[in-house]
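*Asks:* below are the sequence and a predicted model; questions follow.
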Amino acid sequence: MPRTPHASPQTLRLFEALLTDPTRHRYGYDLSRETGLASGTLYPILMRLAAQHLLDAGWEPSDEPGRPPRHTYRLTADGIALAKERLASAARKARPATFTPREA
């Protein structure tokens, strides 16, 4: 069975984190800490989602002289819809099957 795009456990963890406050721009470092994803896993996912217009990615200038600007991320409207769909689908798949006795 082919893998559903955007359904890896790592992507689902990222979706969960971003949906906690979908209107707020988030730093990659904060997302890494919240999700437990290493940068080598997190940033490729962020780049792929941004390239597919599911994330709004931008730069925030630093308030401190000499510090570089920081990249921020938040879900787009399409990203929010997809994240909710993928998380709901994963939750349905994770539920144990209920036993319904058949009438004899």
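*Replies:* Arrived safely.
*Asks:* in the chain, where is pLDDT below threshold?
*Replies:* 1-5, 96-104 (pLDDT under 70).
*Asks:* in it, which spans are helices?
*Replies:* Along the chain, counting by DSSP state H, helices occupy 9-19, 28-35, 39-51, 77-94.
*Asks:* and those helices as TSV, adding distance to residue 70 and mean neighbour count?
*Replies:* Heads up, the C-betas are built off the backbone N, CA and C, glycines and all. Below are these laid out as TSV (distance: least, CB to CB, whole Å; neighbours: other CB atoms under 10 Å):
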stretch	distance to residue 70	mean neighbour count
helix 9-19	16	19
helix 28-35	8	16
helix 39-51	13	16
helix 77-94	20	14
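*Asks:* could you dump the ones you listed into TSV and include distance to residue 62?
*Replies:* Shown next, in TSV, are the helices of the chain (distance: least, CB to CB, whole Å):
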stretch	distance to residue 62
helix 9-19	23
helix 28-35	13
helix 39-51	19
helix 77-94	26
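*Asks:* of all those helices, which lies closest to residue 66?
*Replies:* Among those, helix 28-35 comes nearest to residue 66, with 18.1 Å by CB to CB.
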